[in-house]
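Trainee: sequence first, then the predicted structure:
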Amino acid sequence: MTSSPGNTIEPAEKPPPRATAIRAEHVYKVFGRRESEVVRRLEAGADAEEVKALGTAAVIDASFEVAAGEIFVVMGLSGSGKSTLIRTLNGLWKPSAGSVYIGDDDITTMSDKALREVRREHVSMVFQHFALLPHRTVRENAAYALKEKGIDKKTRLERADTWLDTVGLRGWGDRYPGELSGGMQQRVGLARALAAETDILLMDEAFSALDPLIRREMQDQLIELQSTLGKTIVFITHDLNEAMYVGDRIAVMRSGRIVQIGTASDILTDPANDYVAKFTAEVDRSRVLTAGSVMERPSAVVTVTSGPRAAVEEMRRNQVSGVLVVDRERRLRGYVTDDDAVAAVKSGADDLSALVRTDDLTSVTASTPVAELFAPAAESPVPLVVVGDDDRLRGVIPRVGLLASMAPKHAGDDDAGGEESAEVDQPNTAEDGETAR
């Protein structure tokens, strides 16, 4: 729906920017004897195949920032360079060119001693294949990072038990890794990383070796833990559904290059190229998109003080049979039908509030998953209404728009919907009850 030109209802306020926890600037990683020459040729425009005889370019000109407290997912197929990239973020592999910052510190220029300190105090890692010590108990494995920090045995084992409880392994501390299932072993690996109490967590294909049901349980647990811990997490995966489920933002890699960075909604609704579009074609869009990403501008909105005549004029101008009604703070009050408004004008009534209906009007928040909108949309004779936490009107979702949102997007497709474009316009207003023009 579109609105009257010239006036706007302000969109929901965006949260203030968070501090940057990780920053990569033009990072290259080449395997081979002639790293510098490969980088030079790549910077001059050569592609990875053209320089293959000189070295293998695993990461090419990667630049991005990860905000403190964000889950940043790096996703790509096997060989895309994602696992190589994550190993440059904690200095396991030094970039062939470029810089990696943890906070304000460039780890690519650090001494080995300083780098070990960064890993010990600031960065933990969870590996795909658990990397547990088979001859140590579950508790001792979970406490391993604390031992490296020099913490006394009693304290570190107590802390380990706390984190084992947190990941659902209460009572398993005296067992050995070989006695645990794959999912339980991965929980030990997660507990070990959490026990280190670093602010950054790197997870390299951490759940990919698990059965689908266990994998989803681990994803749910990660999200639940993140809601209370607020870690900065870089999560590597080849599974797009997993990326879109756990990630605040996603970087899509192909052949060593980052081809797109954005939210799950950004990547689904506005793919950067045909590769990304094809990659996302099989994603369950209803589980990723939200009401805010598919809502549209409302076509007719008036304030409750505008009067029946203003409501009729607004409906006539937009050729609709109803108008949404808000108060002066832009909070949704309901809607008025054309029949009611016309009857009020004929009778000489000037009180629009007496005509406002709320029956059949269903409101949702911008964060409501699209999957939860189909049932109410099917039952409602009027479009769903999107409101903010303060009940301010943000947009509407007609049934046809909801169905259209399920169609895969192709690179370059126009997208009139979405949260950016759905800032609804300010309704006609009139001081002292006069009809707005």
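Mentor: Received, thanks. Residues are numbered from 1 along each chain as shown.

Trainee: report the contact partners of the closest residue to Glu379 other than its chain neighbours.
Mentor: Sequence neighbours aside, Thr362 is the residue nearest to Glu379 in space, at 8.0 Å (criterion: Cβ to Cβ, 6 or more residues apart in numbering). (Each C-beta comes from the backbone N, C-alpha and C, glycine too.) Thr362 is in contact with 376-377, 379-380, 384-385, counting by Cβ atoms under 8 Å, 6 or more residues apart in numbering.

Trainee: before we move on, what about Ala67?
Mentor: For Ala67, the contact set (Cβ under 8 Å, 6+ apart) comprises 17-21, 232.

Trainee: who's in contact with the lengthiest helix in the chain?
Mentor: If you go by DSSP state H, the chain has its longest helix at helix 212-229. Applying Cβ under 8 Å, 6+ apart, the contact partners of helix 212-229 are 71, 166-168, 181-183, 186-187, 190, 194, 206-208, 210, 231, 233, 242, 245-246.

Trainee: and that helix, which residues are buried?
Mentor: In terms of neighbour count (16 or more other Cβ atoms under 10 Å), helix 212-229 has its buried residues at 214-215, 217-219, 222, 225-226.

Trainee: do a quick rundown of the strands in the stretch 201-350 of the chain.
Mentor: Along the stretch 201-350 of the chain, the segments classed as strands by DSSP state E, counting those that start in this stretch run 232-237, 249-254, 257-262, 301-303, 322-326, 332-337.

Trainee: so for Gly76, which of those strands sits nearest?
Mentor: The closest of the strands of the stretch 201-350 of the chain to Gly76 is strand 249-254. By Cβ to Cβ, the value is 3.6 Å.

Trainee: tell me the strands beside the closest one, with direction?
Mentor: When pairing is defined by DSSP bridges, strand 249-254 lines up against strand 71-75 (parallel), strand 257-262 (antiparallel).

Trainee: and the angle for the first one with strand 232-237?
Mentor: Spelled out, that is strand 71-75. Orientation check (axes from the mean of the first three to the mean of the last three Cα atoms, to 10 degrees): strand 71-75 against strand 232-237 gives 20 degrees.

Trainee: residues contacting the next helix or strand after strand 71-75, please?
Mentor: Of the helices and strands lying after strand 71-75 in sequence (DSSP states H and E), the nearest is helix 82-88. Here helix 82-88 makes contact (Cβ under 8 Å, 6+ apart) with 24, 27, 29, 58-59, 62, 74-76, 93-95, 100, 202, 204-205, 234, 236, 238, 253.

Trainee: and the next helix or strand past helix 82-88?
Mentor: Sequence-wise, the next helix or strand downstream of helix 82-88 (DSSP H and E) is strand 97-102.

Trainee: how about that following strand as CSV, C-alpha atoms only?
Mentor: Output of strand 97-102 as CSV, limited to C-alpha atoms (Å, rounded to 0.1, in the frame of the first residue of the first chain):
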residue,chain,number,x,y,z
ALA,A,97,48.8,-9.5,2.8
GLY,A,98,46.3,-7.3,4.7
SER,A,99,45.6,-6.8,8.4
VAL,A,100,43.4,-8.4,11.0
TYR,A,101,42.4,-6.4,14.1
ILE,A,102,41.2,-7.7,17.4
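
Trainee: tell me how far the spatially most central residue of the chain lies from His26.
Mentor: Nearest to the mean C-alpha position of the chain, counting by Cα atoms, centre = their mean, stands Asp248 at 2.5 Å. Asp248 sits 23 Å away from His26, going by Cβ to Cβ, to the nearest Å.

Trainee: same check, this time on Ile107
Mentor: The gap separating Ile107 from His26 is 15 Å, by Cβ to Cβ.

Trainee: more crowded one of these two?
Mentor: More neighbours surround Ile107 than the other of Ile107 and His26, with 23 against 14 (other Cβ atoms under 10 Å).

Trainee: quick revisit: could you dump the contacts of Ala67 into TSV and include secondary structure and neighbour count?
Mentor: Shown next, in TSV, are those (DSSP: H, G, I helix; E, B strand; the rest coil; neighbours: other Cβ atoms under 10 Å):
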residue	secondary structure	neighbour count
Pro17	coil	7
Arg18	coil	13
Ala19	coil	10
Thr20	strand	16
Ala21	strand	23
Thr232	strand	25
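
Trainee: output these in a markdown table; the columns should cover pLDDT and distance to Pro298.
Mentor: Listed next are the contacts of Ala67 as a markdown table, based on pLDDT from 0 to 100; distance: Cβ to Cβ, whole Å:
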| residue | pLDDT | distance to Pro298 |
| --- | --- | --- |
| Pro17 | 70 | 30 |
| Arg18 | 78 | 32 |
| Ala19 | 92 | 37 |
| Thr20 | 94 | 37 |
| Ala21 | 95 | 39 |
| Thr232 | 96 | 38 |
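
Trainee: looking at the strands paired with strand 249-254, which is buried most?
Mentor: strand 71-75 (a mean of 23; mean count of other Cβ atoms under 10 Å).

Trainee: export that one as CSV, just CAs?
Mentor: Output in CSV follows, covering the C-alpha atoms of strand 71-75 (Å, rounded to 0.1, in the frame of the first residue of the first chain):
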residue,chain,number,x,y,z
ILE,A,71,27.0,-13.7,15.4
PHE,A,72,28.8,-13.2,12.0
VAL,A,73,28.5,-16.2,9.8
VAL,A,74,30.9,-17.0,7.0
MET,A,75,29.3,-19.4,4.5
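
Trainee: relative to helix 212-229, how tilted is that strand?
Mentor: Interaxial angle, strand 71-75 versus helix 212-229 (the same axes, to 10 degrees): 150 degrees.

Trainee: quick one, what contacts Arg254?
Mentor: So Arg254 contacts 76-77, 80, 275 (Cβ under 8 Å, 6+ apart).

Trainee: let's see it at 10 Å
Mentor: Contact analysis of Arg254 by Cβ atoms under 10 Å, 6 or more residues apart in numbering lists 76-77, 79-81, 260, 273, 275-276, 279.
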